[in-house]
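Engineer: predicted model and sequence follow; I will ask about them next.
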Amino acid sequence: MTAHFNHTIIASTDAAEMAEFYRDLLEADEAPSWGPFTNVQIGGGILLQFAAPPIEFPPQHYAYLVDDEHFDRAYATITERGIAHWADPQRARPGEINHEHDGRGVYLLDPSGHYLELITRPYL
């Protein structure tokens, strides 16, 4: 069997706040939570588990592929809530989106400081 991505743990300063943020932005489904994890599920049955680690953590980068309609809804949420965002990972083009790879993309920070990227076309 070819390997498939199943789940990841995302270090969080506030697991409940992170789960709510991701549910709203990614239109993720609620999932059963247990132990230190607050969980949501995105497409393909992939589980995102939010938990507060016992150490300080560096920010990570998470990119999510969404369709054009979902991108429109997510970008409306970003702008309506006044969430800082950029067209590029260097954060040199604030308040913009990009049109790379024959699609659209945007970068932003989640409540725990991780870098999120929403794209409408895969890189490959």
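Structural biologist: Perfect, I can see it now.
Engineer: contacting residues around the lowest-mean-pLDDT helix or strand in the chain?
Structural biologist: Lowest on mean pLDDT, DSSP states H and E among the helices and strands of the chain sits strand 29-30, with a mean of 96. The contact list for strand 29-30, computed with CB atoms under 8 Å, 6 or more residues apart in numbering, reads 23, 40-42. (Glycine included, C-beta is placed from N, CA and C.)
Engineer: redo those residues as TSV? Include neighbour count, distance to residue 85 and secondary structure.
Structural biologist: Listed next are the contacts of strand 29-30 as TSV, based on neighbours: other CB atoms under 10 Å; distance: CB to CB, whole Å; DSSP: H, G, I helix; E, B strand; the rest coil:
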residue	neighbour count	distance to residue 85	secondary structure
23	17	19	helix
40	23	21	strand
41	17	25	strand
42	17	20	strand
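Engineer: now the strands for this protein?
Structural biologist: Using DSSP state E, the strands of the chain run over residues 7-11, 29-30, 38-42, 46-51, 61-65, 85-86, 105-109, 115-119.
Engineer: now tabulate these in CSV and tack on distance to residue 75.
Structural biologist: Converted to CSV, the strands of the chain look like this (distance: least, CB to CB, whole Å):
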stretch, distance to residue 75
strand 7-11, 22
strand 29-30, 21
strand 38-42, 18
strand 46-51, 20
strand 61-65, 13
strand 85-86, 8
strand 105-109, 6
strand 115-119, 8
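Engineer: what about the spatially closest residue to residue 64 that is not a sequence neighbour, distance to residue 37?
Structural biologist: Among residues not flanking residue 64 along the chain, residue 118 sits closest, at 5.6 Å (CB to CB, 6 or more residues apart in numbering). Residue 118 is 24 Å from residue 37, where distance means CB to CB, to the nearest Å.
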